[in-house]
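In: Compute the structure for the input listed below.
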Amino acid sequence: VADDSVTLPQEAKRIVPDTNVFINDPGAVEHFGVNEICIPIWVISELDEKKREQNGVGMAARAASNAIYKYYKRGTHSLGDGVRTDAGGLLRIVTERKNLPVSGLKDKNDKYIVEAAYHLLHEQNQGGRSNQRRGVELVTNDVNMILIASAVGIVAREFERPQVVKMLKDLYCGVVELTL
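Out: Got it, this is the predicted structure:
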């Protein structure tokens, strides 16, 4: 049972983010607003693999894992059941998937992530978990994943990181030309 204090609006969606969303923006959970953010367990697995890299990808994977872990540390509810996000949404980790109605795709995490979204879509059409019909939306920067999702009836879109300036000092101030 999800966190009872989380009541999502009727128009809330089930957002299924791909791993590359968190590599692009480790704090992406908060950009999904008042929606149900359903992170497939295979995304967590990929973040775990990438966190060992000694580059920007590894740094982003570690930051994303820590951002998700902060919800776990709240300690009142399981991430499998759902926890309120700072933006007012619901974050949960999903572990189930449904085979796609196509053959020939290689067994790899990308396929499993699309299958998790497909499961959520099928679950909702069967009157599943929440008894509310929520749109399912796969969010990724992987063009081929968008194409596969679209082919099986899943709404998919690219992740667009919000461009918000938090500090005035971060604004571009122009160019200074120095003569030496």
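
In: Strands of this structure, start to end?
Out: Assigned by DSSP state E, the strands in the chain fall at 14-17, 36-40, 83-84, 90-94, 136-140, 155-158.

In: With just CA atoms, put the first one into CSV.
Out: Taking Å, rounded to 0.1, in the frame of the first residue of the first chain, the C-alpha atoms of strand 14-17 are listed here in CSV:
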residue,chain,number,x,y,z
ARG,A,14,3.0,7.1,-14.3
ILE,A,15,6.4,8.3,-15.4
VAL,A,16,9.0,5.5,-16.2
PRO,A,17,12.4,7.1,-16.4
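
In: who's in contact with it?
Out: 28, 32, 35-40, 43, 94, 113, 116-117, 120, 124, 134-140, 159 (CB atoms under 8 Å, 6 or more residues apart in numbering). In short, each C-beta sits where N, CA and C put it, glycine included.

In: buried subset of those residues?
Out: Among these, those that count as buried by neighbour count (16 or more other CB atoms under 10 Å) are 28, 32, 35-40, 43, 94, 113, 116-117, 120, 124, 134, 136-140, 159.

In: Output the below-cut-off pLDDT ranges for this protein.
Out: Applying pLDDT under 70 to the chain flags the ranges 1-6, 75-77, 124-133, 162-176.

In: swap the cut-off to 80 and go again
Out: Residue ranges of the chain with pLDDT under 80: 1-7, 74-78, 101-105, 124-134, 161-178, 180.

In: can you give me the helices in it?
Out: In the chain, the helices defined using DSSP state H lie at 19-24, 41-50, 56-72, 109-125, 143-151.

In: Export these as a markdown table, with columns for distance to residue 80.
Out: Shown next, in a markdown table, are the helices of the chain (distance: least, CB to CB, whole Å):
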| stretch | distance to residue 80 |
| --- | --- |
| helix 19-24 | 19 |
| helix 41-50 | 9 |
| helix 56-72 | 10 |
| helix 109-125 | 13 |
| helix 143-151 | 23 |
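
In: Could you pull up the contacting residues of residue 153?
Out: residue 121.

In: Phi, psi for it please.
Out: Main-chain torsions, residue 153, degrees, to the nearest 10: phi 90, psi 10.
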